[in-house]
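Engineer: Predicted model and sequence below, questions to follow.
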Amino acid sequence: MPSKSEMQSPLKKLIWINLLLVLGLILSPYPGKAQQEQPPGPVYVVQGGDTLGEIARRFGISVQALIEANGITNPNVLSEGAQLLIPGLEGIQGTLTTVSVPFGETLNSLSRRYQLSPAQLARLNHLTNPAELYAGANLVIPTQGEGGLGYERFTLWPGESLLELAVRSGKNPWSILQLNALSHSWDVLPGDPLLIPGEGNIESPGGLPEAIQGAEIKPLPLQQGKVGVIQISAVDGLTFEGDFMDRPLNFFPAREGGYIALFGVHALAEPGFYPLRLRGELPGGKSFAYSQLVGIAPVDYPFDQPLTVDPATIDPTITQPEDAAWSALARPATPERYWNTVFQIPSPLEQAYCLETGDCWTSRFGNRRSYNGSPYSFFHTGLDIAGGVGTKIFAPAPGVVIFAGPLTVRGNATMIDHGWGVYSGYMHQSEILVEVGDHVQTGDLIGLVGGTGRVEGPHLHWEVWAGGVQVDPLDWLSQRYP
């Protein structure tokens, strides 16, 4: 039979555990919001051009509720910089501001970043579905003006307890629970990234494993017919891949560190939201997968005048096999990147003048087209540059010639591989002056303008491809990628 002292031992142990828990909460250097002085409610700082109606709609309340909460006597007078109390948001304090949702965030990670519960964040932004937190979405959040708090991210792995995570990160388990608004240790799920008190950067993507230190997509939203760039910074030993709109993302090491993928958005892509997926293996062999919606915005491409061409050049039995073969040429992604500057115009025309005036183009990329009375179901896949038969054509950037020969629709055509999945094409030539396998440099003579293939008259049709999709060549004349 156990002695009296032995019977008291478990009780003493329990008392000590409870005492340590209380002390941990009291002495934690990261106090919860309930311990801080609370303002009366969230406030919005009036911006230039704001009206009460717009502010009320933004926060899903009535104008009358806004007037009553702020004692407004003249609704028609709204001073820029004035602070308005937003009613109906009990439990939320601070100055409301709008931020853009970065790629790599989830409802949970954003709630932890801004120290709001998921329910509060959803109520503040009228969210009915976590999918509404697409990359680039506007998110209303309260700022407390605290500053100075550092955070790191750690991922709870399958089979790992919160206590084991605390040991691995060298942190107090109670401060982890408090910082992440967790009531119990079992509230966190395997694979869930958690904020940990520390000296790190809270701007890193909270919904991705800590091995991924940064993730950015430009531009947001993406646009029809334009190039997207995704850049990932990560620790050594990470392997990953991705896809967007059923096409693979080809990642390559960036000069400044990390990884970059260039991809095109089809000019006829339906505007809306599409998942961009990442998956891979972390150092140590653990796998991860992440998906977030990214928006595609429409571009107002004009309609060209109806064109009359040789019927053979719009015959599907001819165009479809040729289109497939031409697209296949631009599908591989060569690991070597040959270019490192803005592309140069592949013509004797002066680049600055052409970009300033637009007088050098007879038809631009993306224009909707009708051939021989057809519906406007076609789009212009390149940039038509003015030039008569025999006008010189120059390489716009370094690369390797992968095609040089006659085609029915494209006429005498050339394609150059610039590396990293970027290609350029030259059509309707009167003469081709390069061969497959030739290495060319910027400004090298590669051919002469002509009127072969599907044309109404002589000109150079110039294409640029990124990630297996035709994109606007004009962007490459004015912007350095990546």
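Structural biologist: It's in.
Engineer: Going along the chain, name the strands of the stretch 351-482 of the chain.
Structural biologist: 361-363, 368-369, 378-379, 383-385, 392-394, 399-407, 411-419, 422-432, 439-440, 445-449, 460-466, 469-471 (DSSP state E, counting those that start in this stretch).
Engineer: between those strands, which gets nearest to residue 321?
Structural biologist: strand 399-407 (10.4 Å; C-beta to C-beta). Quick note: C-beta positions are derived from backbone N, CA and C, even for glycine.
Engineer: Leaving aside the residues adjacent along the chain, what's closest to residue 426?
Structural biologist: residue 414 (4.5 Å; C-beta to C-beta, 6 or more residues apart in numbering).
Engineer: quick one: low-confidence ranges for the chain?
Structural biologist: In the predicted model, the chain carries pLDDT under 70 at residues 1-40, 144-150, 199-203.
Engineer: what's the spacing between the helix or strand where residue 95 lies and its chain's center?
Structural biologist: Using DSSP states H and E, residue 95 sits in strand 94-100. Remark: strand 94-100 is offset 21 Å from the chain centroid, using C-alpha atoms, centre = their mean, to the nearest Å.
Engineer: what element comes up after that strand heading to the C-terminus?
Structural biologist: Later in the chain than strand 94-100, the nearest helix or strand by DSSP H and E is helix 107-113.
Engineer: Show me the one of the strands of the stretch 351-482 of the chain that comes nearest residue 195.
Structural biologist: Among these, if distance is taken as C-beta to C-beta, the winner is strand 460-466, at 36.1 Å.
Engineer: Can I get that closest one in CSV? Just the C-alpha atoms.
Structural biologist: This file holds the C-alpha atoms of strand 460-466, laid out as CSV (Å, rounded to 0.1, in the frame of the first residue of the first chain):
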residue,chain,number,x,y,z
LEU,A,460,6.6,40.9,-90.2
HIS,A,461,4.4,39.0,-87.8
TRP,A,462,6.4,38.7,-84.6
GLU,A,463,5.4,36.4,-81.7
VAL,A,464,6.6,35.9,-78.2
TRP,A,465,5.8,32.8,-76.2
ALA,A,466,6.1,32.2,-72.4
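Engineer: picking that back up, in TSV, list the strands of the stretch 351-482 of the chain along with mean neighbour count and distance to residue 482.
Structural biologist: Converted to TSV, those look like this (neighbours: other C-beta atoms under 10 Å; distance: least, C-beta to C-beta, whole Å):
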stretch	mean neighbour count	distance to residue 482
strand 361-363	18	25
strand 368-369	17	29
strand 378-379	18	25
strand 383-385	23	21
strand 392-394	20	23
strand 399-407	18	16
strand 411-419	23	12
strand 422-432	24	10
strand 439-440	17	21
strand 445-449	21	25
strand 460-466	25	10
strand 469-471	26	13
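Engineer: Surely residue 235 is in contact with residue 211?
Structural biologist: Yes: the criterion here is C-beta atoms under 8 Å, and residue 235 meets it with residue 211 at 4.9 Å.
Engineer: Now the common contact residues for these two.
Structural biologist: Counting by C-beta atoms under 8 Å, 6 or more residues apart in numbering, the shared contacts of residue 235 and residue 211 are residue 283.
Engineer: Compare the two (neighbour count), which wins?
Structural biologist: Neighbours per residue (other C-beta atoms under 10 Å) separate residue 235 from residue 211, with residue 211 holding more: 20 against 12.
Engineer: Run me through the strand neighbours of the strand holding residue 95, direction for each.
Structural biologist: Sheet pairing for strand 94-100, assigned by DSSP bridges, gives strand 42-45 (parallel), strand 138-143 (antiparallel).
Engineer: Comparing those, which comes out most buried?
Structural biologist: Neighbour counts (mean count of other C-beta atoms under 10 Å) averaged over each of the strands paired with strand 94-100 peak at strand 42-45, with a mean of 19.
Engineer: C-terminal to that one, what's the next element?
Structural biologist: helix 52-59.
Engineer: what's the helix or strand for the residue most central in space within the chain?
Structural biologist: Nearest residue to the geometric centre of the chain (C-alpha atoms, centre = their mean): residue 217, 2.7 Å. Using DSSP H and E, residue 217 maps to strand 212-218.
Engineer: quick one: buried residues of that strand?
Structural biologist: Across strand 212-218, burial judged by 16 or more other C-beta atoms under 10 Å covers 212, 213, 214, 215, 216, 217.
Engineer: Go through those residues and say which is closest to residue 110.
Structural biologist: Nearest to residue 110 among those: residue 215, at 14.3 Å, using C-beta to C-beta.
Engineer: is it true that the closest one touches residue 230?
Structural biologist: Yes: applying C-beta under 8 Å as the test, residue 215 and residue 230 come out as touching, 7.4 Å apart.
Engineer: Quick check: neighbours shared by those two?
Structural biologist: Residues touching both residue 215 and residue 230 (C-beta under 8 Å, 6+ apart): residue 103.
Engineer: Mind jotting down where the helices sit in the protein?
Structural biologist: All helices of the chain, identified by DSSP state H, fall at 4-27, 52-59, 63-70, 107-113, 118-125, 162-169, 173-179, 316-329, 351-357, 473-478.
Engineer: how about those helices in CSV, adding distance to residue 293?
Structural biologist: Output for the helices of the chain, formatted as CSV (distance: least, C-beta to C-beta, whole Å):
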stretch, distance to residue 293
helix 4-27, 38
helix 52-59, 22
helix 63-70, 32
helix 107-113, 13
helix 118-125, 15
helix 162-169, 29
helix 173-179, 28
helix 316-329, 26
helix 351-357, 34
helix 473-478, 24
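Engineer: Make a markdown table out of those helices and add mean neighbour count and distance to residue 136.
Structural biologist: As requested, the helices of the chain are exported to a markdown table (neighbours: other C-beta under 10 Å; distance: least, C-beta to C-beta, whole Å):
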| stretch | mean neighbour count | distance to residue 136 |
| --- | --- | --- |
| helix 4-27 | 11 | 38 |
| helix 52-59 | 16 | 18 |
| helix 63-70 | 15 | 28 |
| helix 107-113 | 21 | 14 |
| helix 118-125 | 18 | 14 |
| helix 162-169 | 16 | 31 |
| helix 173-179 | 20 | 27 |
| helix 316-329 | 13 | 29 |
| helix 351-357 | 12 | 28 |
| helix 473-478 | 20 | 19 |
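Engineer: Which stretch among those helices approaches residue 464 most closely?
Structural biologist: Smallest distance to residue 464 across the helices of the chain (C-beta to C-beta): 4.4 Å, for helix 473-478.
Engineer: How far off centre is that closest one?
Structural biologist: Offset of helix 473-478 from its chain centre (C-alpha atoms, centre = their mean): 20 Å.
Engineer: Contacts made by that helix with the rest, please.
Structural biologist: Helix 473-478 is contacted by residues 226-227, 342-345, 351, 354-355, 364-365, 382-383, 396, 424, 462-464 when judged by C-beta under 8 Å, 6+ apart.
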